[in-house]
Every structure is written in C-alpha cells, then in structure tokens.
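> Pasting the sequence and the predicted model now:
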Amino acid sequence: RGRRAAGALLARRAARVVVHGGGRVGGPLASLLAAAGVGTVDVLNLGDITTSGGDFATAINVRASNGDVTVANEGSINAGSVDNRAAGIRVRTGGVANASIDNSGSIEAYSELSGAHAIYVTSFGDGDIAVANSGELSASGYVFGIGMNLNSIGGGDIAAANTGSIHAASATDAFGIEVAFYGDTGAASIDNGGDIEAQALNGKAVAVHASALAGDFYLYNGGTLAAESVYGDAFGVEAHADDNAADVEVVNAGSISAYSHQAIAIGVFLTATGDGSVVQVDNSGSISALTSYSNAFGVIARSDGEYGTAYVTNSGDIGAQSAYYAAGVVVGGDYRGEVDNSGAITATTANEAGSDATAVGVSAFGFTGDGYVLNEGTVDASASSTGGYALARGVSVDSYYGHGYLHNYGAIGADAQGAYARALGAV
C-alpha cells in the first residue's frame with residue numbers, strides 16, 4: 001500500500017518467472033503468478049504429463065491478465081476425458097498479455113463424449129497469439145476434435161506455424177487448425193510445412209479454417225493439407241473475412257485435398273463480404289476435391305462486397321471430381337473476377353444412376369466489372385451420364401454490368417457423353 005505500491009507493481013510486472021512442469025502444481029502456479037501481476041510467466045515441460053477422468057481434463061492450464069505467457073513443451077502431454085472436454089494445453093489471456101506456445105514434443109487430447117483440443121488459446125484483450133508446432137498434435141472427440149483452436153476476442157493478431165504433424169478426428173466436426181475473431185480488428189497468418197489432417201464421420205472436416213476475420217488472412221502451404229468426411233462437408237482450406245478492404249490469400253506450393261463420400265468437397269474456399277476486399281489463390285502445387293454423391297469444387301474464390309476483386313493464379317494442378325457437379329475453379333468479384341492459368345485445371349463427372357452430370361473447368365464472373373480468363377495451360381471438362389443429361393463446359397466467362405474476356409493461348413477441352421449430351425468449349 002501507499003507510495004511504494006505502484007513501484008512494487010511495476011517491478012512485479014517486469015519480473016520473469018519460469019515454471020518447470022505444468023501438471024497439478026505447475027499449471028495452477030503459473031496462473032496464480034500471472035493473476036498476481038508477474039510480468040512474464042514461462043511454463044516449460046521436459047517430461048511426461050498425463051491427466052484423465054470423467055470430468056474436464058486439462059494437462060496445462062494457464063490464465064493471465066497482466067503479463068505475457070509462454071508455454072514450451074518438449075516432452076509428452078496426454079489429456080483424456082469421458083464426459084467433458086479435454087485439452088492438452090489451454091491458455092487464456094486478457095489485457096495486453098501475449099500468448100506464445102512452442103511444441104516440439106507430443107500432445108494428445110481425447111474425449112469419449114465431448115470435444116478435444118490439443119492446443120486451445122483465447123485472447124480476451126488486445127494481446128497477440130503465436131503458436132508453433134514441430135512435434136505431434138492429436139485431438140479426437142465425439143463432438144469435435146481440433147488440433148489448434150486459436151481465438152482473438154479483443155483484436156489481437158494470430159500467427160500459427162506447423163512443420164510437424166497435426167491430426168484431428170471426430171464423430172462430428174474436425175478441424176486441423178481453427179482460428180476465429182470476435183473483435184473489430186485482427187489478422188491471421190498461417191505457415192504450414194508439415195502435415196495437417198482432419199477426419200470427420202457425420203460432420204464437417206476442415207484442415208485449416210478461419211472465420212469472422214476482421215482483418216487479413218494469409219496462408220502459405222508447402223506441406224500437406226487433407227480433409228475427409230464420410231457424411232459431412234470436407235474443405236482443405238476455408239476462410240471468410242467480414243471487414244472492408246480485407247486481404248484473403250492462400251499460396252499453395254504443396255498439396256491440398258478434400259474428400260467427402262456423401263456431401264460437398266472443396267479444396268480451397270475463400271470468401272470476403274467487405275467492400276474493397278481482395279481474395280487471392282496462387283497455386284503452384286496440387287489442389288483436389290472429390291465426392292461421390294454431391295458437388296466438388298477445386299477452388300472457390302469470391303469477393304462479394306462493393307469493388308471487391310477475386311483472383312486465381314494456377315501454374316500447378318487443380319482438379320474436381322464428382323458424380324453430379326464438378327468445377328475446377330470458380331471465381332467471382334463485384335469489380336473483377338480473374339483466372340490466370342498456365343497449369344492444368346480439370347473437372348470430371350460420371351453418373352451411372354440416371355441423374356444429370358455437369359462439369360465446368362473454369363468459371364469467372366464480374367458483377368459491376370469484368371470477368372477475365374487468361375489460359376496458357378490446359379483446361380478440361382468431362383461429363384458423362386447414363387440416362388440423364390451430361391453438360392461439359394471448358395471455360396465460362398460472364399459479367400452482369402461489365403464484360404467477359406477470354407484470352408486463350410493454351411488448350412481448352414470439353415467432352416460430354418450420354419444420350420443427352422452437350423459440350424461447350426467456351427461460353
């Protein structure tokens with residue numbers, strides 16, 4: 001109290017405390033120190049931590065409202081619950097506190113009847129979140145399984161990097177990396193050079209998912225992103241931005257795949273609704289989408305706000321395959337929708353059950369502005385149906401108020417087979 005109180009508080013916030021181990025003692029101790037105003041709290045695990053039971057199970061649990069929190073795991077973490085949620089590492093910060101997590105060991109979380117996070121971080125204030133994984137993350141739960149669940153509520157940025165492996169599985173929804181924003185600001189950056197896999201039974205499977213973005217989104221993939229669902233939708237990458245003038249971009253030099261047996265499959269699905277937003281996909285690797293009983297899209301890129309633009313540049317391989325409807329690339333923007341292709345884009349449908357089959361290689365649309373396609377590679381659309389209508393369109397370019405342009409220096413093919421078949425090279 002008194003004149004010395006402010007000085008003592010400042011000194012406490014400037015202090016740094018390292019807690020070795022994060023089990024029954026380490027985690028609560030770290031939270032206590034953070035709540036007491038200690039400037040920086042570090043939790044370091046070099047051994048094994050296991051927690052299990054019928055209630056909530058969290059191996060390392062830290063809350064901070066004043067100073068930064070750093071958690072590093074070089075050992076083995078296992079958290080399991082029967083009735084409720086489980087988390088390997090759970091960090092919550094407030095104020096301007098930043099959260100940093102670095103895993104080079106193994107983290108496993110599982111729940112028999114609820115959900116599981118390998119790593120869960122929420123910033124309630126203005127602090128940033130940074131998570132790096134070079135080890136192994138595994139999360140499996142009945143309601144959901146999420147490898148990394150990173151949430152910004154007060155407006156901080158989120159950065160995630162993976163050079164290891166992330167596996168998420170659930171009877172319902174599964175997400176490899178999930179980032180969400182609930183404030184008015186905040187940007188997300190994800191760099192993957194490892195393997196990220198999401199597997200779902202009845203729900204949605206997404207390897208990388210970003211929702212309600214108030215700022216920019218950037219993803220670089222030089223590794224593998226794979227999503228698979230039996231009865232639900234599957235997305236390799238799904239990101240949506242709400243703010244004006246947002247940049248939503250995916251650069252892929254690796255492999256992105258989505259497979260659903262019964263529902264929609266999309267390799268990359270990017271949308272922006274704010275005015276003046278830019279949506280971009282640059283692919284030099286491979287992007288594929290496959291479904292047996294619904295619609296498949298290799299890439300969808302849309303910017304629906306006023307003066308919004310969307311671009312897809314492909315020098316690699318993009319493919320979509322379905323029994324009903326398949327499209328290699330669909331791009332649309334209020335001001336401009338553009339596709340530049342020097343690689344290979346394919347769409348294939350084959351229906352032997354008497355239903356219609358439609359395949360579209362590339363579709364580009366501009367609302368107030370132009371739709372534009374430059375092709376220096378190959379675009380192929382193939383549709384076949386036994387008893388139904390078969391429609392194949394190589395390239396479709398359109399605009400409501402502007403113009404549609406197609407400049408072709410490569411090869412565009414459209415092939416339709418069946419009793420009622422129609423093939424259109426360019427429309």
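Here it is on my side, so go on.
> Average pLDDT for stretch 91-100, rounded please.
Averaging pLDDT along stretch 91-100 yields 90.
> Dump it to PDB, keeping only the CA atoms.
Presented in PDB, the C-alpha positions along stretch 91-100 are these (Å, rounded to 0.1, in the frame of the first residue of the first chain):
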ATOM      1  CA  VAL A  91      -4.100 -20.700 -22.300                       C
ATOM      2  CA  ARG A  92      -6.400 -17.700 -21.700                       C
ATOM      3  CA  THR A  93      -5.100 -14.100 -21.600                       C
ATOM      4  CA  GLY A  94      -6.500 -10.600 -21.000                       C
ATOM      5  CA  GLY A  95      -5.500  -7.000 -21.300                       C
ATOM      6  CA  VAL A  96      -2.400  -6.600 -23.400                       C
ATOM      7  CA  ALA A  97      -0.900 -10.000 -22.500                       C
ATOM      8  CA  ASN A  98       0.500 -12.000 -25.400                       C
ATOM      9  CA  ALA A  99       0.400 -15.800 -25.600                       C
ATOM     10  CA  SER A 100       3.200 -17.900 -27.100                       C
END
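> If we go by neighbour counts, what in it is buried?
Val91, Arg92, Thr93, Gly94, Val96, Ala97, Asn98, Ala99, Ser100 (16 or more other C-beta atoms under 10 Å). Every C-beta, even on glycine, is put in place using the N, C-alpha and C of the backbone.
> Repeat that for stretch 170-182.
Buried residues in stretch 170-182 (16+ other C-beta under 10 Å): Ser170, Ala171, Thr172, Asp173, Ala174, Phe175, Gly176, Ile177, Glu178, Val179, Ala180, Phe181.
> can you list those residues in TSV and add distance to Ala227 and pLDDT?
Shown next, in TSV, are the buried residues of stretch 170-182 (distance: C-beta to C-beta, whole Å; pLDDT from 0 to 100):
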residue	distance to Ala227	pLDDT
Ser170	12	98
Ala171	16	97
Thr172	14	97
Asp173	11	98
Ala174	8	98
Phe175	9	98
Gly176	8	98
Ile177	11	98
Glu178	12	97
Val179	16	95
Ala180	18	91
Phe181	21	88
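> Mind checking which of these land in strands?
Ser170, Asp173, Ala174, Phe175, Gly176, Ile177, Glu178, Val179, Ala180, Phe181 (DSSP state E).
> Looking at these, which is nearest Ala160?
Within those, the smallest distance to Ala160 is 5.8 Å, found for Ile177 (C-beta to C-beta).
> related to what we said a few turns ago, now the two most distant members of the buried residues of stretch 170-182.
So for these, where distance means C-beta to C-beta, the most widely separated pair is Ala171 and Phe181, at 27.5 Å.
> in the protein, what secondary structure element scores lowest on mean pLDDT?
Ranked by mean pLDDT, DSSP states H and E, the weakest helix or strand in the chain is helix 3-14, scoring a mean of 40.
> re earlier: ok, of the buried residues of stretch 170-182, which one's closest to Gly285?
Closest to Gly285, out of all of the buried residues of stretch 170-182 and judged by C-beta to C-beta, is Gly176, at 17.1 Å.
> any idea how far the closest one is from Ala390?
36 Å (C-beta to C-beta, to the nearest Å).
> do Asn252 as well
31 Å.
> Show me which of these two is the more surrounded one.
Asn252 (28 against 25; other C-beta atoms under 10 Å).
> That one: what's it in contact with?
Counting by C-beta atoms under 8 Å, 6 or more residues apart in numbering, Asn252 touches Tyr220, Asn221, Val268, Val281, Asp282, Asn283, Ser284, Gly285, Ile287, Gly316.
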